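K.L.:
Pasting the sequence and the predicted coordinates here, then a few questions.
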Amino acid sequence: MLSSRELVRQSNCDWLADRLASLPHHMARAVAAEHRRRLKGRDADSVSHTVLRPVNLWLLDLLKRMPERALSLASSDEDIREQAAKWAAEAEKLREQGAEPFERDAFCVSKGCAKPKGKREAAKWARAADPTWWRRQLRSSHARAVESVSIETGLVHKFAGLYASRDAMTRRTQQRARNRALLESVSAINELGQQYTLDQLAAVSVSNPAIRRAELMTRIAGFELIAVGLGHAGEFYTLTTPSQFHARHHNGRPNKRYDPKNTPLAAQKYLCRVWANIRADLHRRGIKLYGFRVVEPHHDGTPHWHMLMFLPPQHVDTVREVMRKHALKVDGNEPGATQRRFTVKAIDWSRGSAAGYIAKYIAKNIDGVGATGASIGEDFEGVHGTSAAEGAARVDAWASTWGIRQFQQIGGAPVTIWRELRRVDVPGGGDVLEQAATAADDGNWSEFVRLMGGPLVSRCDLPLSLAKEAAEQPNRYGETGAPVVHGVVVVESGEYLNTRIHEWVVQRSGAAAQPWSAVNNCTEPTFDVAINRGAPLTEFEQQDEAIVCDLLLTQIEQAGGIDAYLSPYRSAAQRERDGALCVVKGRRMLAHWKHAGLAGIGRHSDGENAAGVRRLGRRQHDERQGSSARVRSGDGGDGWGAGGGTGRHDQGIADLAAAMRGAQSWVRKLPSAT
């Protein structure tokens with residue numbers, strides 16, 4: 001028969017074993033080791049209850065990183081997929097039973113997910129009943145819960161798992177494999193018969209690490225040229241977090257000040273708040289900066305910021321003072337805070353390029369190679385011998401797990417306009433649109449920024465803007481899709497350049513082709529689509545109508561009958577229909593010109609057209625044919641394209657003028673114009 005002491009020991013061992021059973025084997029060992037360390041190496045039966053209790057409470061709190069009714073920390077991706085389908089079906093049953101929104105939200109939160117978002121309750125219910133939404137939410141929340149446990153138990157630091165745990169690396173590898181398989185299985189075909197897999201298209205976009213790195217360095221070098229030309233100073237700042245965000249010291253030992261609630265994502269949010277306060281303070285003083293910010297992790301996964309900034313030299317001391325003040329607001333008196341929380345290096349133009357200060361951080365956080373394709377060497381955050389390529393892969397897993405944006409431009413012109421202008425070839429010279437397009441095509445970021453109003457220009461003062469259209473089709477939850485970019489427009493004159501000149505059909509292997517085009521499928525007004533849809537209400541919309549039925553009956557009675565109630569709505573609907581009809585007819589006439597008129601002008605190629613104007617050939621990977629459509633408001637418009645005879649060119653211009661006159665006559669009939 002066991003003694004009372006042996007019974008207590010057996011009970012403690014069984015309790016600990018039961019708690020660790022829900023963890024993967026390697027994590028269970030790490031948690032057990034941390035449990036023993038907190039007991040200072042003693043067995044649970046050899047310490048008093050007052051010592052054992054807080055350690056056991058720590059363990060219980062650790063295991064609650066995922067809610068009790070949610071997935072276990074040992075769940076695989078297959079488990080996530082199964083549970084996503086199961087819980088989506090349960091949410092659908094809740095909806096059918098007439099559950100209240102708060103019941104739905106509580107159900108989602110109890111499973112480790114955030115409350116579903118949406119503009120309408122029908123959209124929120126649609127998300128809660130969608131396995132895809134659950135799968136996406138569960139993968140994110142589960143990965144972060146597992147990683148937070150790994151950080152706290154010593155599985156993430158330079159001597160264990162640099163930047164990210166073994167589990168995070170495995171998840172990221174699996175995710176990239178799934179993404180690659182999907183991209184390889186989907187093809188895009190345009191009207192010229194050119195066909196590419198999405199994987200091939202991704203390889204020639206900024207999704208390619210080499211292209212991404214080259215674009216970032218081009219923009220940084222462009223800012224540097226501007227700063228030198230304006231006589232601005234260059235500063236290299238580093239912002240770090242208080243000690244409570246760091247799980248480990250640089251030697252790998254636990255940090256006693258660490259708060260487990262301060263995950264890398266919480267640390268990133270803290271730095272964002274600090275930067276927001278800095279910018280607000282500088283704005284009140286009339287000071288603006290421009291440059292780039294790079295976020296990278298310490299060896300234990302805690303983020304810190306490197307910032308290459310340019311500013312007028314008379315503001316250097318003020319900016320340093322403001323940044324230091326806000327960086328030290330939280331725990332500014334702790335040891336080492338004044339030396340590490342905020343550091344600054346002045347750029348000495350006589351000793352080299354400012355871009356060189358940040359180039360290694362760009363390469364280290366993308367693929368670990370330099371501009372020549374050679375490795376930049378070792379990653380000195382890790383142990384001796386850790387290659388930069390291996391470190392970059394672990395940084396990628398870290399950023400993916402915590403959803404942290406690694407690079408951000410501060411100030412200057414929007415890069416999206418730059419990328420849109422690089423899609424098409426535009427003749428040089430002329431107005432700001434042509435000059436900006438030429439600068440973008442030449443990779444001249446400094447000239448592009450100058451044309452856009454300079455590095456300190458406000459968004460409201462930009463001469464060019466993106467042209468967007470509301471998505472024609474609603475998303476899978478019945479909501480209006482995000483506006484789709486289809487060109488660039490001159491703000492002052494309304495001059496428009498179409499940058500999405502192809503119509504694409506996206507087809508999955510073994511599936512029917514689905515048309516996808518930023519031009520054809522996203523140009524009709526959203527209200528016109530809603531008015532003329534003629535489709536029956538979905539189940540969610542029917543439920544919405546049932547909810548407001550009693551309210552409508554009351555309003556009808558107060559209005560004095562159904563006719564009186566509907567009269568103002570009928571007139572408003574008719575005006576909206578008339579407006580939609582005007583827009584649709586005008587755009588159809590423009591579309592007719594685009595497909596007929598420009599087709600007569602001819603295709604792009606190097607050489608001169610009938611008017612003797614030099615045209616630039618395409619530099620894209622697919623050597624696209626066709627032409628960009630350009631329209632000036634208030635006149636007959638203009639178009640360009642190389643090749644073709646004089647008669648065909650003149651006919652194209654004549655077609656454009658006729659189409660524009662017809663479109664303008666319809667636009668004048670809009671209700672807002674009468």
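P.N.:
On my side now, so go ahead. Numbering: from 1, shown residues only.

K.L.:
CA only for contacts and neighbour counts going forward, please
P.N.:
Noted.

K.L.:
which residues touch residue 89?
P.N.:
Contacts for residue 89 (Cα atoms under 8 Å, 6 or more residues apart in numbering) come out as residue 129.

K.L.:
Next one: it, what pLDDT does it get?
P.N.:
Listed pLDDT for residue 89 reads 96.

K.L.:
What of residue 166?
P.N.:
On pLDDT, residue 166 comes in at 92.

K.L.:
Ok, residue 353 next?
P.N.:
At residue 353, pLDDT is 83.

K.L.:
Assumed it was part of a strand.
P.N.:
No: according to DSSP: H, G, I helix; E, B strand; the rest coil, residue 353 belongs to no strand; its state is coil.

K.L.:
Show me the shaky parts of the stretch 501-650 of the chain.
P.N.:
Applying pLDDT under 70 to the stretch 501-650 of the chain flags residues 509-650.

K.L.:
Any regions of this protein where pLDDT drops low?
P.N.:
Residue ranges of the chain with pLDDT under 70: 1-10, 41-48, 371-374, 384, 509-674.

K.L.:
can you pull the contacts of the closest residue to residue 463 other than its chain neighbours?
P.N.:
The shortest distance from residue 463 to any non-neighbouring residue, by Cα to Cα, 6 or more residues apart in numbering, is to residue 491 (5.5 Å). Going by Cα under 8 Å, 6+ apart, residue 491 touches 462-465.

K.L.:
Ok, residue 474 next?
P.N.:
Residues near residue 474 by Cα under 8 Å, 6+ apart: 480-481.

K.L.:
Send me the helix or strand containing residue 85 as PDB with only the CA atoms.
P.N.:
In the assignment (DSSP states H and E), residue 85 maps to helix 77-96. The C-alpha atoms that make up helix 77-96 are tabulated as PDB, following Å, rounded to 0.1, in the frame of the first residue of the first chain:
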ATOM      1  CA  ASP A  77      -3.900  20.400 -40.800                       C
ATOM      2  CA  GLU A  78      -6.200  17.500 -41.600                       C
ATOM      3  CA  ASP A  79      -7.700  17.900 -38.200                       C
ATOM      4  CA  ILE A  80      -8.300  21.600 -38.900                       C
ATOM      5  CA  ARG A  81     -10.000  20.800 -42.200                       C
ATOM      6  CA  GLU A  82     -12.300  18.200 -40.600                       C
ATOM      7  CA  GLN A  83     -13.200  20.500 -37.700                       C
ATOM      8  CA  ALA A  84     -13.800  23.500 -40.100                       C
ATOM      9  CA  ALA A  85     -16.400  21.400 -42.000                       C
ATOM     10  CA  LYS A  86     -18.000  20.200 -38.700                       C
ATOM     11  CA  TRP A  87     -18.300  23.600 -37.100                       C
ATOM     12  CA  ALA A  88     -19.500  25.300 -40.200                       C
ATOM     13  CA  ALA A  89     -22.400  22.700 -40.300                       C
ATOM     14  CA  GLU A  90     -23.100  23.500 -36.600                       C
ATOM     15  CA  ALA A  91     -23.200  27.200 -37.300                       C
ATOM     16  CA  GLU A  92     -25.700  26.500 -40.200                       C
ATOM     17  CA  LYS A  93     -27.900  24.600 -37.700                       C
ATOM     18  CA  LEU A  94     -27.800  27.600 -35.300                       C
ATOM     19  CA  ARG A  95     -29.000  29.800 -38.100                       C
ATOM     20  CA  GLU A  96     -31.800  27.500 -39.000                       C
END
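
K.L.:
what's the distance between whichever helix or strand comes after that helix and the middle of its chain?
P.N.:
Using DSSP H and E, the helix or strand that follows helix 77-96 in sequence is helix 101-110. In terms of Cα atoms, centre = their mean, to the nearest Å, the centre of helix 101-110 is found 27 Å from the chain centre.

K.L.:
counting contacts, what elements does helix 101-110 pack onto?
P.N.:
Counting contacts by 3 or more Cα pairs under 8 Å, 6 or more residues apart in numbering; DSSP states H and E, helix 101-110 packs against helix 77-96, helix 121-128.

K.L.:
Please name every helix or strand in contact with the next helix or strand after the shortest one.
P.N.:
By that I understand helix 121-128. Sequence-wise, the next helix or strand downstream of helix 121-128 (DSSP H and E) is helix 131-152. The contact analysis (3+ Cα pairs under 8 Å, 6+ apart) places helix 131-152 against helix 77-96, helix 121-128, helix 166-185, helix 388-402.

K.L.:
Would you mind getting the angle between the first one and helix 101-110?
P.N.:
Using axes from the mean of the first three to the mean of the last three Cα atoms, to 10 degrees, one finds that helix 77-96 and helix 101-110 are set 170 degrees apart in direction.
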